[in-house]
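Asker: starting from these lines, generate the structure:
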Amino acid sequence: MRIGTLGSGLMTAALVPHWIAAGHEVLVGGRDTAHAQELGKRLEVEHGSLADAADFGEVVLLAIRSEGLADCMEQAGAARGTLSGSVIIDCGNAVHLGDFSQVRWDGRSLAEQAEFLAQGGRVVKAFNTCHYEVWAAARTYGGSPLRVPYCGSEPAKETVRELITQVGTDPLDVGDLSQARHLEALGILMIRALVGGAPALSAFNLVTADA
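Answerer: Just a heads-up that it's a prediction; the model follows:
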């Protein structure tokens, strides 16, 4: 399938190589087209603007800071329908990170705001609960692959379920998009743990008790 990225930062650089390896076509889009070009060349894929990525992708990875959401959607052309019918994977959190000692959240999920602005796009929340380094390589936790909670509506979730598997992780369906606020709350806990000195490869995982 065709995957466009709204963002050319660390999360994009960590996730996209798995999907390239799985045979998907990718176009890296960014507000800074020079940065998008640099990442695109490094990954040996196409690059362009946010609007280019929105036009290109059947699936769109939304990988931006929350404060840039409205501007990102405007530049992507959401108001003119560029994201209508697209599956949008939101891997961010509705937090302000300017001062890492004061991670704040007002209770509104970034995913629900994104779906409102996407003008017909369907958002699935995933990949928001760990540091980007966790996603860069398939790793095990307690001898098992990491379980990745995700939420949204069908059939968009079916598409994202496959992409989660291709990252080398196990999908964990936690419901509709209203559950994004809970996943983002979990993301806040991880951010605070990382700020407090937890290793970058830390993760919350679903495990069962030993027999």
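Asker: residue 33 and residue 206, how far apart?
Answerer: Relative to residue 206, residue 33 is positioned 40 Å away (C-beta to C-beta, to the nearest Å). Backbone N, C-alpha and C define where each C-beta goes, glycine included.
Asker: who's more crowded, those two?
Answerer: residue 33 (17 against 12; other C-beta atoms under 10 Å).
Asker: how far away is the more buried one from residue 168?
Answerer: Applying C-beta to C-beta, the value for residue 33 to residue 168 is 30 Å.
Asker: again, but for residue 60
Answerer: The separation that residue 60 has from residue 168, given C-beta to C-beta, amounts to 22 Å.
Asker: who's more crowded, those two?
Answerer: Of the pair residue 60 and residue 168, residue 60 is the one with more neighbours under other C-beta under 10 Å, namely 30 against 15.
Asker: which SSE is the more buried one in?
Answerer: strand 59-62 (DSSP states H and E).
Asker: pull out the buried residues from the helix or strand following that strand.
Answerer: Sequence order places helix 69-76 as the next helix or strand after strand 59-62, per DSSP H and E. Within helix 69-76, the residues scored as buried using 16 or more other C-beta atoms under 10 Å are 69, 72-73, 75-76.
Asker: now swap in stretch 134-146 and tell me
Answerer: 134-136, 141, 145-146.
Asker: what about it, average pLDDT?
Answerer: Confidence over stretch 134-146 (mean pLDDT, whole number) is 93.
Asker: do the same with stretch 75-90
Answerer: Mean pLDDT, computed over stretch 75-90, is 97.
Asker: who touches that stretch?
Answerer: The contact list for stretch 75-90, computed with C-beta atoms under 8 Å, 6 or more residues apart in numbering, reads 6, 29, 31, 49-51, 53-55, 57-62, 73, 110-111, 114-115, 117-128, 156, 159-160, 163, 180.
Asker: one more time with 7 Å
Answerer: Counting by C-beta atoms under 7 Å, 6 or more residues apart in numbering, stretch 75-90 makes contact with 6, 31, 50-51, 54-55, 57-62, 110-111, 114, 117-126, 156, 159-160, all of which sit outside it.
Asker: what lies in contact with the helix or strand that contains residue 172?
Answerer: Using DSSP H and E, residue 172 falls within strand 170-173. The contact list for strand 170-173 (C-beta under 7 Å, 6+ apart) reads 145, 147-150, 157, 161, 164-165, 206.
Asker: so which bits of that strand are buried?
Answerer: Buried residues in strand 170-173 (16+ other C-beta under 10 Å): 171-173.
Asker: ramachandran coordinates for residue 181?
Answerer: Note on residue 181: its backbone torsions stand at phi -60, psi -30 [degrees, to the nearest 10].
Asker: and the residue nearest to it when sequence neighbours are not counted, how many neighbours?
Answerer: In space, and not counting its chain neighbours, residue 181 is closest to residue 109: 4.1 Å by C-beta to C-beta, 6 or more residues apart in numbering. Applying other C-beta under 10 Å, we find 27 residues neighbouring residue 109.
Asker: tell me which stretches of this protein form helices.
Answerer: All helices of the chain, identified by DSSP state H, fall at 10-21, 33-43, 50-56, 69-76, 110-117, 132-135, 156-166, 180-195.
Asker: tell me which residue is most central in the protein.
Answerer: residue 91 (2.3 Å; C-alpha atoms, centre = their mean).
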